[in-house]
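[1] give me the fold of what follows.
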Amino acid sequence: MSRQSVAKAHQKIQELAWEPLYHEPVKHYGTDYTFSKAQKKDPLKQVLRSYFPMQEEKDHRVYGASDGAIRGNMFRQVQERWMEWQKLFLSIIPLPEISAARAMPLLFRTVPNPELHNGQAIQMIDEVRHSTIQQNLKRLYMNNYIDPAGFNSSLRNFQNDYCGTIGRQFAEGFITGDAITAASIYLTIVAETAFTNTLFVAMPAEAAANGDYLLPTVFHSVQSDESRHISNGYATLLMALADEGNHQLLERDLRYAWWNNHRVVDAAIGTFIEYGTKDRRKDRESYAEMWRRWIYDDYYRSYLVPLEKYGLVIPHDLIEEAWNQIWNKGYVHEVAQFFATGWLANYWRIDPMTDKDFEWFEYKYPGWYDRYGKWWENYNRLSTPNGHNPIVFEDVDYVYPHRCWTCMVPCLVREDMVMAEVNGQWRTYCHEECRWTDTTAFRPTYQGRETPNMGQLIGKREWETLYHGWNWADVVSDMGYVRDDGKTMVAQPHLNLDPKKMWTLDHLRRCPPLASPNVLLNEMTPQEREAFHANYIRGGPAGRAAPADA
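    Numbers count the residues shown, from 1 in each chain. Reported below is the predicted structural model:
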């Protein structure tokens, strides 16, 4: 099919659009942005008769690779440490994809440009395809991997897991609140333009290094569609910039979208890449090095900074703070430690770190061992049941963290934790920016301007609160994280499948009941709360208690 004929077909499609004159169209999805009709172009000019053959060829490659992986016995050669973390990753990632598909109709009647509507419709098809091939990948893992437990229940389990709930709030941000904020700024302009490089390029590279060449095939097929989505977002952004009244909202939304993406995507992908791998070559890039190249240089400096020429204020301070969190404050390492601390509330097995891992971390992140090494040694020591409790209940100088109300990632960089009373409830936040998001950005007025479409962050946003006071054995049973024998846990703090080495519900029955930090916080007197906060921010790194003599 010639490019000329595609262009003609693309132009013809625009002629099919019309604005009804006989009634006022119903406003399905609200926005506080204003748009005037403008001839912003879709540079890719994709039409279905060229799109479907291209995607069919890509699908042939994906499913051919799947067949090759089974015939080539890939599942007996792939690293177990890597595959276990895929139980979390592949349970979450289809939801952002399907949420992105659902986000596109939010823009159809909000952005008055038929040419962009065509691109958005094709993006919607893209996202459904992505979700389909990702869930098929998970199905293949479940059917062929040595330990399918966790893969087989993740569709119903990820949303009640103390890690998966973070991914759920991230994905639902694409389809809630202001239509432009959610489906354009948060999704296409930040999530897809900035963070899919680490998600769909860095992750596949690490998969291949661990003997998994099936995930790279699937996710490179996904990433090849992202250029269309980035184009949709950029064209919508330029339309919004044409009205100076939108600048205030754009600046608000860039701050919110950037920070929430950093808190969630960096937490998850950074942990998978750094702690889910057995590849410890010194010349392999760390997550910090990948982030600096693909997000800081390629996105921030090449995409965001040039927007200043349109009069838009870029959140330079937040980009620098995100880098500061990753490089100086050990954000990814704190997250990985938290995941492992609560291994018993998961549905995958978390491998202890070894001396080889320690050496690599110290080489890539000087000072890592002094911060985290002793805790991981304790994790290894306590990984098999031997009369002791899981590590979260043992004295290893780790204070269980409070949950951030906004991003739902715990307040792991202790010095940054802030609190606020909202609607009669005391809430904790991992950073001042998350507090601002909840108390200022997601409100019906912003800087004196009415913003009724922004919505609010509501609901049960803290996993621990749902099970406050429960016995841990009942918690795990209620979530369904138990193997077929009815007592052995799906999650384990090691990779040994010897039944004698595995933890059971009986081991949990004797543990202290689950206590929600937020419930306890709201039961404190004002003086106790103030003292608690002062003590909390003096704690860490690696979750250490505040010095007693400070």
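[2] quick check: closest non-adjacent residue to F532.
    Distances taken as CB to CB, 6 or more residues apart in numbering place M524 nearest to F532, at 6.4 Å, with adjacent residues excluded. Using the backbone N, CA and C atoms, a C-beta is placed for each residue, glycine as well.
[3] gap between L140 and A149?
    16 Å (CB to CB, to the nearest Å).
[4] swap in G276?
    Taking CB to CB, one finds G276 at 18 Å from A149.
[5] and the two? Which one has more around it.
    G276 (25 against 22; other CB atoms under 10 Å).
[6] which residues touch that one?
    Shown in contact with G276 (CB atoms under 8 Å, 6 or more residues apart in numbering): 81-82, 84-86, 206, 210.
[7] what secondary structure does L238 sit in?
    Three-state assignment for L238 (DSSP: H, G, I helix; E, B strand; the rest coil): helix.
[8] swap that for R49, sorry
    helix.
[9] what number of residues lie near it?
    11.
[10] cool, and T451?
    21.
[11] tell me how many other residues surround the residue nearest to F532.
    14.
[12] doesn't it fall inside a helix?
    No. Counting by three-state DSSP, M524 falls outside a helix, being coil.
[13] now do the helices in the stretch 1-150 of the chain.
    Remark: helices assigned in the stretch 1-150 of the chain by DSSP state H, counting those that start in this stretch are 3-15, 48-71, 80-92, 94-108, 114-144.
[14] looking at the ones you listed, which is closest to E289?
    Set against E289 and scored by CB to CB, these come closest in helix 80-92, at 19.6 Å.
[15] show me what that closest one is packed against.
    In terms of contacts (3 or more CB pairs under 8 Å, 6 or more residues apart in numbering; DSSP states H and E), helix 80-92 is packed against helix 114-144, helix 154-157, helix 164-172, helix 203-209, helix 267-275.
[16] turn the helices of the stretch 1-150 of the chain into a markdown table, including mean pLDDT and distance to K460.
    Formatted as a markdown table, the helices of the stretch 1-150 of the chain follow (pLDDT from 0 to 100; distance: least, CB to CB, whole Å):
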| stretch | mean pLDDT | distance to K460 |
| --- | --- | --- |
| helix 3-15 | 66 | 44 |
| helix 48-71 | 88 | 37 |
| helix 80-92 | 95 | 18 |
| helix 94-108 | 94 | 17 |
| helix 114-144 | 91 | 25 |
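[17] for these, which one sits closest to S224?
    helix 48-71 (7.0 Å).
[18] got the CA coordinates for that closest one in CSV?
    This file holds the C-alpha atoms of helix 48-71, laid out as CSV (Å, rounded to 0.1, in the frame of the first residue of the first chain):
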residue,chain,number,x,y,z
LEU,A,48,-6.8,0.8,9.6
ARG,A,49,-6.0,-0.8,6.2
SER,A,50,-2.3,-0.1,6.7
TYR,A,51,-2.4,-0.6,10.5
PHE,A,52,-3.9,-4.1,10.6
PRO,A,53,-1.4,-5.8,8.3
MET,A,54,1.5,-4.3,10.2
GLN,A,55,0.1,-5.4,13.6
GLU,A,56,-0.7,-8.9,12.1
GLU,A,57,3.0,-9.3,11.2
LYS,A,58,4.1,-8.2,14.7
ASP,A,59,1.6,-10.7,16.2
HIS,A,60,3.0,-13.5,14.0
ARG,A,61,6.5,-12.7,15.5
VAL,A,62,5.2,-12.7,19.0
TYR,A,63,3.4,-16.0,18.8
GLY,A,64,6.2,-17.5,16.8
ALA,A,65,8.6,-16.6,19.6
SER,A,66,6.1,-18.1,22.1
ASP,A,67,6.2,-21.4,20.2
GLY,A,68,9.9,-21.3,20.0
ALA,A,69,10.3,-20.7,23.7
ILE,A,70,8.3,-23.8,24.5
ARG,A,71,10.1,-26.0,21.9
